[in-house]
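Colleague: What follows is a predicted structure for the sequence shown.
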Amino acid sequence: MKNSAKILFLTFLFPLILPFHLSAQDTINTDIPAEIKDFEGLRAEFKQQIQDPESKNVTFTMVLKSNINSDRVKIEWSVTGASKIVNQSEQRKNLDIKEGQTYNISITVTPTGEGVSEVYGTAQSVNVDSSFLVTVRKNFGSNNDLEVLPISTEYQSAKTFVAIKNIVIVVVLIGIGVALAFLGFRRLVKYLKSEPEVTFEDEVKTT
């Protein structure tokens, strides 16, 4: 009777769990567009660079196109989820923006495991006579190999290039090692075959 109750419970519970699991997987494997909130005076764009196959770092850039003058704009980044900021000095800074200028503010993060991460950047006026808040938000997934999902063709090409480069480096190092070993062996053989040098003291002893 107890087993029947467990089976009945799981039968009702499984359909409730499955959609959540599929939804999480879809979030991880889908390239979700960035959310941008700006205003006419300060337009914003958001760019994601190709992930570095070796360090696993990926750089995000908030591009600000200014139509105003503001001598004190506070930039702040936050990263939550399965990633962390690589260089904490990039997290906060102040800008003096001018009308007609474009500013690129970047943050480099690295995945720490499988899951979903969020990168959130803000540009906020801290002047007494002006007030505005520009925000950019990007969600992305990562796998157990710390690769940003979905894996792009550009990343695959970079990964292949790094693999080939590492193979070439190993082959070159092995070649240098073999060449040095061969030269050392030849010198050793030459030394062993050479006749010992006869000194004046040796000649006196033999006479």
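Modeller: All right, it came through fine.
Colleague: Only C-alpha atoms from now on, for both contacts and neighbour counts.
Modeller: Fine.
Colleague: What's the mean pLDDT across the helix ranked longest in the chain?
Modeller: Longest helix in the chain, counting residues (DSSP state H): helix 153-193. The average pLDDT within helix 153-193 is 85.
Colleague: which helices and strands sit right next to it?
Modeller: If you count contacts as 3 or more CA pairs under 8 Å, 6 or more residues apart in numbering; DSSP states H and E, helix 153-193 packs onto no helix or strand.
Colleague: got a list of what the residue nearest in space to the middle of the chain touches?
Modeller: Centroid-nearest residue in the chain, with CA atoms, centre = their mean: Asn57, separated by 1.0 Å. Shown in contact with Asn57 (CA atoms under 8 Å, 6 or more residues apart in numbering): 51, 86, 108-111.
Colleague: Got the phi and psi for it?
Modeller: Here is the backbone geometry of Asn57 (degrees, to the nearest 10): phi -80, psi 150.
Colleague: Report the contact partners of the nearest residue to it once chain neighbours are set aside.
Modeller: Among residues not flanking Asn57 along the chain, Thr110 sits closest, at 4.5 Å (CA to CA, 6 or more residues apart in numbering). Residues counted as contacts of Thr110 (CA under 8 Å, 6+ apart) are 56-58, 83-86, 146.
Colleague: most surrounded residue in those?
Modeller: Ser83 (23 neighbours; other CA atoms under 10 Å).
Colleague: How about that one, nearest residue that isn't a chain neighbour?
Modeller: Leaving aside its chain neighbours, Ser83 sits nearest to Pro111 (4.0 Å; criterion: CA to CA, 6+ apart).
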